[in-house]
Each structure stands twice: as C-alpha cells, then as structure tokens.
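**Q** here's a sequence, model it:
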Amino acid sequence: MSALHVRGRGLPDGEPVEWWIADGVLSAEPIAGADTVFGAGGELGWIIPGLVDAHCHVGLGPGGAVGIDEAVAQAETERDAGALLLRDAGSPLDTRSLDDREDLPRIIRAGRHLARPKRYLPGVPIDIEDESQLPAVVAEQARWGDGWVKLIGDWIDRGAGDLAPLWSDDVLRAAIDAAHAEGARVTAHVFGEDALPGLIGAGIDCIEHGTGLTDDTIASMVEHGTALVPTLINVETFPGIADAAGKYPTYARHMRDLYASCYERVAAAHDAGVPIFAGTDAGGTIGHGRISDEVEALKRIGMTPTHALGAACWDARAWLGRPGLEHGASADLLCFDEDPRVAGADHPDLVILRGRIF
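**A** Got it, this is the predicted structure:
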C-alpha cells in the first residue's frame, strides 16, 4: 500500500495539521510520494482521532448473545460510523477473534457481566450464587479482559418490587480491590440511587447510566475521581421499560422518575467536575453506530460542542489509555469537510483505520 497524506485542522485546538501514513502508522515527518487523500484543495477540513464508544456491547443483541458473524456486522457498523475504539462493557460472546481482523475497530473488553441469580437479563451475565465469591470471579474476569470488569450494581428485586443493590459494601470493597490488584478497573450498571454510595465508597472507577445520582453521590464521585458514562440515548428507553412493568408499579414509577430527572442529574455531575464520557449501550435495544447521537445528547447537559465531541474522542482515548493522533500511533482517524462540532460527527467524509481507507 502506498503512503497516504492528509491535511486539515486538528481538534480540539483547530490548528492546521498534516499527517503522513505508512504501514498503518502515523508520521509527523513527510513521506516522499505520499498520496494526498484529504486536504488537497485550498479549503481545510477537519481531522480528529477515531471516535470512542465507551459503553458498547459487540456480541450482544436484543435476545442475548449473537453469533460471531453478527458480532462482526456490529463492529463494521461502528467502524462505518467512525467509532474506531470500543469499550465493550460486558458481552456473553467471546469476541477476541475479532482482534485478528485489520478492518474492525479495536475493542477493550470487560469480560462477562457479573450479577446475582435472576438479577439481570437471562443468559447474559455470570450468575454468582454466593456473593462472597464475587472477589474471586472479579479477579478471574480481570485477567480475562482488557483492563476492565463489569458489575451489575442494581436491578429490579421482584420481591421488593423495585430497583435494589445486588452486593453488600464489604464484598464490593474486596471485589474492587481484587480487580485493582490485577491492574484492572471496575465499572457498574446502576439505574437507581441506593447502590451508588456503596460502589463509589468501595473505590469503583466508573458508573454506567447513573440516573439516580444525588448531590451527595455526585460529591462522592468528585472526591474519589469516579467517571460517569451516562448513556443518554439508552435512557430514552426508560418510559417503555416502565410501560412494560405493569406487575411492578413501584418500579415503573421509579423508572419514570429517573427518566424525568436524568438530564438535570447528569448536568449537575458535569457542573461539579465529574469526568463524563460518551457511550451508547449499543447491542441490546440500542442499535450500533449511534455514537454521534450520544455526542449530541451530551450537548443538552451543558457540554460545549468541543467538550461533547472530546468525550467521544480525544478525552475518551486518554481516559482509556489509548493514543490519539501522534507520531508513531496507529493511523485511526476521521476526516470531515465540515466542522464536526457544528455539523455533527455522524457522517465522516473519510474513515481511516490502521492506515486503510474505508
């Protein structure tokens, strides 16, 4: 493959940039004979690192695990939408074979969801009968995954008829310590209010959804440096969840209340300084390839267009320990004729993954 050359304006600073690409790697040094594939004319477009979906489920569908061919199709959809780095926040399918595909996004895996029996979607998690086993299972998943472990922090307790935490505080502390000892970070699905203090106090690294945040738990997140991935486009499913929960009126009412206050609560977290990153929860009821919709939703909590795009791009990459656009990094980038902060990031004019044009 011949060397490539792109020129445009980089973000977040908007300054003119030029990159050369050879053997799938970025170079800040000119490469003779490179083919200019973006920015050959006088008007400069925009160049950013590949987008990040920080809460994505490759290998999961509305009915549970999907086959490997469907998982490949999911990853291709993400790539074509410009999401070139995915944090897979739990999947019942072993997708490690996808790493051998040069045409698919990179995936950071959290292994399997960890839950108590009958306290999550059937067939999706590893069910743990005795919660004292959680630290050992967390350590196992930490060794299996790519630096993350995924807990179910709360789910409907049918006996109580409402959302309730799954784990005691002491077990959570031991489990999160076990993950950290393996060099992994821990995140948790949390819809309601009650599970948050124990998780944050135990040292969890990230909260997914976080619709039940209060002023106290927001302050605790700031104190502990806990990140938030609010999956705002997924929260739009809450009214439908409530409508389908006729047997559990307290739970249904709770889900409607969480939906009504969601943007206010996430905005308060943003204002307080909680680190917020973009994730769609694609793979269940949310279709793949919608990271730009989540960026737009983040603007509605008060993020500036630059900050909202960064939450799905350069800032998210730094949080996940992956490079952006720098000399020697993998050539994973997007090019736009129009400023993606204004026009939206849903239709990149050029997608380059590992130095290959899509």
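**Q** which positions within stretch 248-267 qualify as buried?
**A** Judged by neighbour count (16 or more other Cβ atoms under 10 Å), stretch 248-267 contains these buried residues: 248, 251-252, 254-256, 258-259, 262-263, 265-267. Heads up, the C-betas are built off the backbone N, CA and C, glycines and all.
**Q** save these as a markdown table, and put in distance to residue 208 too.
**A** Listed next are these as a markdown table, based on distance: Cβ to Cβ, whole Å:
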| residue | distance to residue 208 |
| --- | --- |
| 248 | 22 |
| 251 | 19 |
| 252 | 21 |
| 254 | 18 |
| 255 | 16 |
| 256 | 20 |
| 258 | 14 |
| 259 | 16 |
| 262 | 13 |
| 263 | 17 |
| 265 | 14 |
| 266 | 12 |
| 267 | 18 |
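**Q** which ones among those residues map onto helices?
**A** 251, 252, 254, 255, 256, 258, 259, 262, 263, 265, 266, 267 (DSSP state H).
**Q** mind putting the residues you listed into a markdown table with pLDDT and distance to residue 3?
**A** Listed next are these as a markdown table, based on pLDDT from 0 to 100; distance: Cβ to Cβ, whole Å:
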| residue | pLDDT | distance to residue 3 |
| --- | --- | --- |
| 251 | 98 | 58 |
| 252 | 98 | 59 |
| 254 | 98 | 57 |
| 255 | 98 | 53 |
| 256 | 98 | 56 |
| 258 | 98 | 52 |
| 259 | 98 | 50 |
| 262 | 98 | 47 |
| 263 | 98 | 46 |
| 265 | 98 | 49 |
| 266 | 98 | 44 |
| 267 | 98 | 45 |
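**Q** just the closest of those to residue 334, please.
**A** Of all those, residue 334 sits closest to residue 266, with 25.7 Å by Cβ to Cβ.
**Q** got phi/psi on residue 123?
**A** Torsion angles at residue 123 (phi, psi; degrees, to the nearest 10) stand at phi 80, psi 0.
**Q** coming back round to it: just the buried residues of stretch 248-267 now: which is nearest residue 312?
**A** The closest of the buried residues of stretch 248-267 to residue 312 turns out to be residue 266 (Cβ to Cβ; 14.9 Å).
**Q** hmm, back to that, list just the nearest of the buried residues of stretch 248-267 to residue 219.
**A** When the buried residues of stretch 248-267 are compared for distance to residue 219 (Cβ to Cβ), residue 265 wins out at 12.9 Å.
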